[in-house]
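Q: quick one, fold the following:
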Amino acid sequence: MDEQIKEITLIITTRQITSNPYLIPNETRPFTHSIIAAPSPLIPKSTPIPLIPKSTLSRTFAPMPSNAISPTPRQRILMVCLGNICRSPLAEGILREKARAAGLDWEIDSAGTNGYHTGEAPHHLSLKVARHNGIDISRQRARRFTAADFQRFDKIYAMAGDVIDDMRRIAGRQFDPAKVDLLMNEVHPGSNEDIPDPWYGPEPGYHEVYAMIDEAADHIIAKYGQPAQQIQPIASTQPPRK
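A: I've put the predicted structure just below:
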């Protein structure tokens, strides 16, 4: 079957884009693109294939909308306490729920430094208090903090100062102080306030811990849940199209 081949020369005009050094400002680049048109029973072979005028193929890069913003960076956050059954499961559950409600695709986990409760579900009072506030943490299982967590996570929050001491001992040379902070420093920067371990007390202590973590989680969402920066549009150097 006979084929008809027509060549179309596209004229592409570039303008300066700072992120791509290979584009020369206002350069006109022709290139040839072959289009193979198979004969159609509805169009006689003798009918020439019309070419699109070059003027309609000339394009410039359109400026980005002024309100365009870059996406929020994905955060990887680890909550750490001693046994990973009281405080840090609540911290994981609370922050995970707030991130989900804010539409943030974050990775959130928790761990303990002593490993005594590895594989166990959260403490029954942590489960109760979380459920009372509409959060289900029943699927969590305790695990021990490891040095590898410094490579996996961007930010590691300790519930108390003794937890940081344990983390430093476990991680050794891999301990990264730039990634570690006490959770309550998000609420009161530099205060180095501990979140008390409710393991030793009755239920009201768990409600107190929940309230402290809930406030800190709000600050984390406000601090890290915003878009990275606003992208400024680049003005076009070409005259407006009519």
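Q: distance check, Gly115 against Ile94.
A: 23 Å (Cβ to Cβ, to the nearest Å). In this view, the C-beta of every residue, glycine as well, is placed from N, C-alpha and C.
Q: give me the more crowded residue out of these two.
A: Applying other Cβ atoms under 10 Å to Gly115 and Ile94 shows that Ile94 carries more neighbours, namely 24 against 17.
Q: I'd say the more buried one and Ile213 touch.
A: Yes - under the criterion of Cβ atoms under 8 Å, Ile94 makes contact with Ile213 at 5.4 Å.
Q: any common contacting residues for those two?
A: Shared contacts of Ile94 and Ile213 (Cβ atoms under 8 Å, 6 or more residues apart in numbering): none.
Q: tell me, how many residues neighbour Arg173?
A: Residues near Arg173, counting by other Cβ under 10 Å, number 6.
Q: what does Val180 give?
A: Neighbour count of Val180, defined by other Cβ under 10 Å: 20.
Q: Gly103 now?
A: Using other Cβ under 10 Å, Gly103 is surrounded by 8 other residues.
Q: ok, the one 5 residues further on next?
A: Other residues within reach of Ile108 by the criterion other Cβ under 10 Å amount to 23.
Q: which element is the residue nearest to Thr146 when sequence neighbours are not counted on?
A: Nearest residue to Thr146 in three dimensions, chain neighbours excluded: Ile170, at 6.9 Å (Cβ to Cβ, 6 or more residues apart in numbering). Using DSSP states H and E, Ile170 falls within helix 161-171.
Q: so which elements touch that helix?
A: Where contact means 3 or more Cβ pairs under 8 Å, 6 or more residues apart in numbering; DSSP states H and E, helix 161-171 is packed against strand 76-81, strand 155-158, strand 180-182.
Q: which one of the ones you listed lies closest to His124?
A: Smallest distance to His124 across the helices and strands packed on helix 161-171 (Cβ to Cβ): 16.3 Å, for strand 76-81.
Q: what strands flank that closest one, and is each parallel or antiparallel?
A: Within its sheet, strand 76-81 is paired with strand 107-112 (parallel), strand 155-158 (parallel), according to DSSP bridges.
Q: output the shortest one as PDB, nothing but the C-alphas.
A: Included here for strand 155-158 are C-alpha records, laid out as PDB according to Å, rounded to 0.1, in the frame of the first residue of the first chain:
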ATOM      1  CA  LYS A 155      13.200  13.900  62.900                       C
ATOM      2  CA  ILE A 156      13.300  11.800  66.100                       C
ATOM      3  CA  TYR A 157      11.400  13.000  69.100                       C
ATOM      4  CA  ALA A 158      12.100  11.700  72.600                       C
END
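Q: and the angle for the longest helix that the chain contains with strand 76-81?
A: Criterion DSSP state H: the longest helix present in the chain is helix 203-224. Angle of helix 203-224 versus strand 76-81, following axes from the mean of the first three to the mean of the last three Cα atoms, to 10 degrees, is 160 degrees.
Q: who does helix 203-224 touch, helix- and strand-wise?
A: Packed against helix 203-224 by the contact rule (3+ Cβ pairs under 8 Å, 6+ apart) you find helix 87-101, helix 124-132.
Q: got a markdown table for those, with mean pLDDT too?
A: Below are the helices and strands packed on helix 203-224 laid out as a markdown table (pLDDT from 0 to 100):
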| stretch | mean pLDDT |
| --- | --- |
| helix 87-101 | 98 |
| helix 124-132 | 98 |
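Q: I'd like to know which of those lies nearest to Pro196.
A: helix 87-101 (8.6 Å).
Q: turn the strands paired with strand 76-81 into TSV, columns for distance to Asp136 and mean pLDDT.
A: Formatted as TSV, these follow (distance: least, Cβ to Cβ, whole Å; pLDDT from 0 to 100):
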stretch	distance to Asp136	mean pLDDT
strand 107-112	14	98
strand 155-158	21	98
